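Visitor: sequence isn't available, so here's the structure alone:
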């Protein structure tokens, strides 16, 4: 049981290049999330998915696209990378945060450190 | 919208108690959380508290919730060097597309000195 895994761990891109970050979870979770972490700003939600085939925008979706073709995978794409997208990206998953009766822990991956020059 | 604030740094001596504070804005939050992030790693859930509770104790951890002031604190008793990390508080709130999300604070860097 690997939990939440992310690939790659590190990446350096030039401005204008594209890339896809892969998140995989083996816990059969319905919900998956992509966050970015920047110094002094905590974690901000980019996009999320409430189930296979669904995606929705979070707080800071501009410049990113996502897909959830399989329940266990959540992909984050940067079509044309910009220096402002230099950040650490975290993927998370949870069983369900839709119920008010349970606390539903979010499980985080180890992160991808992306630098855009 | 939701906003969660924390102080950025806290330094304590090994064996002392640490208190990390957090304020939040969404009075309808049902759950509030404390996550720990060690260097180079993702976030890991430490503890949580349901909004109808004032206090929760879990071994060396004590969470206090003041709903009137929208203030949450995490006390770590007998702080050890292994407790050095960044601690995030988070509140749960609704998403317009359905379901709920977590809004995280900026994180408090805890440094434990010998």
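Guide: Received, thanks. Keep in mind the model is a prediction, meaning the values are calculated, not measured.
Visitor: didn't residue A:40 look like it was pressed against residue B:108?
Guide: No - in this structure, residue A:40 is not within contact of residue B:108 by C-beta atoms under 8 Å, at 11.5 Å. Just so you know, the C-beta spots here come from the backbone N, C-alpha and C atoms, and that holds for glycine as well.
Visitor: who has more neighbours out of these two?
Guide: residue B:108 (20 against 7; other C-beta atoms under 10 Å in any protein chain shown).
Visitor: common neighbours of residue A:40 and residue B:108, please.
Guide: residue B:8 (C-beta atoms under 8 Å, 6 or more residues apart in numbering or on different chains).
Visitor: helices or strands up against the helix or strand of chain B with the lowest mean pLDDT?
Guide: Within chain B, no helix or strand scores below strand B:100-104, which has a mean of 83 by mean pLDDT, DSSP states H and E. Strand B:100-104 sits against strand A:43-49, strand B:85-94, with contacts defined as 3 or more C-beta pairs under 8 Å, 6 or more residues apart in numbering or on different chains; DSSP states H and E.
Visitor: one more time with 6 Å, if that's ok
Guide: strand B:85-94 (3 or more C-beta pairs under 6 Å, 6 or more residues apart in numbering or on different chains; DSSP states H and E).
Visitor: that's a helix at residue B:82, yeah?
Guide: Yes - assessed with DSSP: H, G, I helix; E, B strand; the rest coil, residue B:82 lies in a helix.
Visitor: distance of residue B:113 from residue B:12?
Guide: Separation of residue B:113 from residue B:12 (C-beta to C-beta, to the nearest Å): 7 Å.
Visitor: more crowded one of the two?
Guide: residue B:12 (17 against 11).
Visitor: helix or strand right after the helix or strand hosting that one?
Guide: Following DSSP states H and E, one finds residue B:12 within strand B:9-13. For strand B:9-13, the succeeding helix or strand toward the C-terminus, using DSSP H and E, is strand B:18-24.
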